[in-house]
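Student: From the sequence below, what's the structure:
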Amino acid sequence: MTGSAFHGDAVHQLDGHLDDTVHRYHLRVQYEDTDAGGIVYHAQYLAFAERARSAWLRCLGIDQQALLTRDGNGFVVRHIDIDFVQAAALSAVLEITSEVMKTGGASVKLRQTITNMQSCHIVARLVVDIGFVNLQSAGAARACRMPQDIRNKLAGGAQK
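Tutor: Numbering: from 1, shown residues only. Okay, the predicted model is just below:
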């Protein structure tokens, strides 16, 4: 293997995996994720959840870059409720699960849970409202209907 080459399997492992209707994504807390006390800075949980959502879409076969360049469409977070349950510390291994709660014509609601894999304790719970929008609308992004194949994938109709 050359220095810049990836094995196909290694790339897929970066995106986590689908376990029936639940996407599972893992990461290790890095120094940059922590505050002066060595615990995860609260805003980092949002970044962890975003990484997991992007990986989940890739696992479903939804290419966000292609949507944007082809049609100017994309997913945007409209609202997040987050409950910080327990702090995570430097070097902790976290699992972020993502699961669809509800889909609409131009929206999807997700439940995400961040769990410390070493202690098996839930660290944070999120409910995320995501809109599907056209980002090339004059002036501002506008909601638009998701293509049916994307709605099917989000609703669990995709081959896993």
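Student: my guess is residue 72 contacts residue 138, does it?
Tutor: No - using Cβ atoms under 8 Å, residue 72 is not in contact with residue 138, being 11.4 Å away. Where you see a C-beta, it was placed from the backbone N, CA and C, and this is true even at glycine.
Student: of the two, who's got more company?
Tutor: residue 72 (14 against 5; other Cβ atoms under 10 Å).
Student: Excluding covalently adjacent residues, which one is nearest to the more buried one?
Tutor: Leaving aside its chain neighbours, residue 72 sits nearest to residue 136 (3.4 Å; criterion: Cβ to Cβ, 6 or more residues apart in numbering).
Student: which residues of the chain fall in strands?
Tutor: When assigned using DSSP state E, the strands of the chain occupy the ranges 17-19, 22-28, 73-84, 93-103, 107-116, 122-134, 142-143.
Student: and these as JSON lines, adding mean neighbour count and distance to residue 53?
Tutor: Formatted as JSON lines, the strands of the chain follow (neighbours: other Cβ atoms under 10 Å; distance: least, Cβ to Cβ, whole Å):
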{"stretch": "strand 17-19", "mean neighbour count": "14", "distance to residue 53": "13"}
{"stretch": "strand 22-28", "mean neighbour count": "18", "distance to residue 53": "9"}
{"stretch": "strand 73-84", "mean neighbour count": "14", "distance to residue 53": "8"}
{"stretch": "strand 93-103", "mean neighbour count": "18", "distance to residue 53": "6"}
{"stretch": "strand 107-116", "mean neighbour count": "20", "distance to residue 53": "7"}
{"stretch": "strand 122-134", "mean neighbour count": "19", "distance to residue 53": "7"}
{"stretch": "strand 142-143", "mean neighbour count": "14", "distance to residue 53": "18"}
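Student: Figure out which of these is closest to residue 45.
Tutor: Nearest to residue 45 among the strands of the chain is strand 122-134; the distance by Cβ to Cβ comes to 4.9 Å.
Student: which neighbours does the closest one have in its sheet, and in what orientation?
Tutor: strand 73-84 (antiparallel), strand 107-116 (antiparallel), strand 142-143 (antiparallel) (DSSP bridges).
Student: spatially speaking, which residue is in the middle of the protein?
Tutor: In the chain, the centroid-proximal residue (Cα atoms, centre = their mean) is residue 53; its distance is 1.1 Å.
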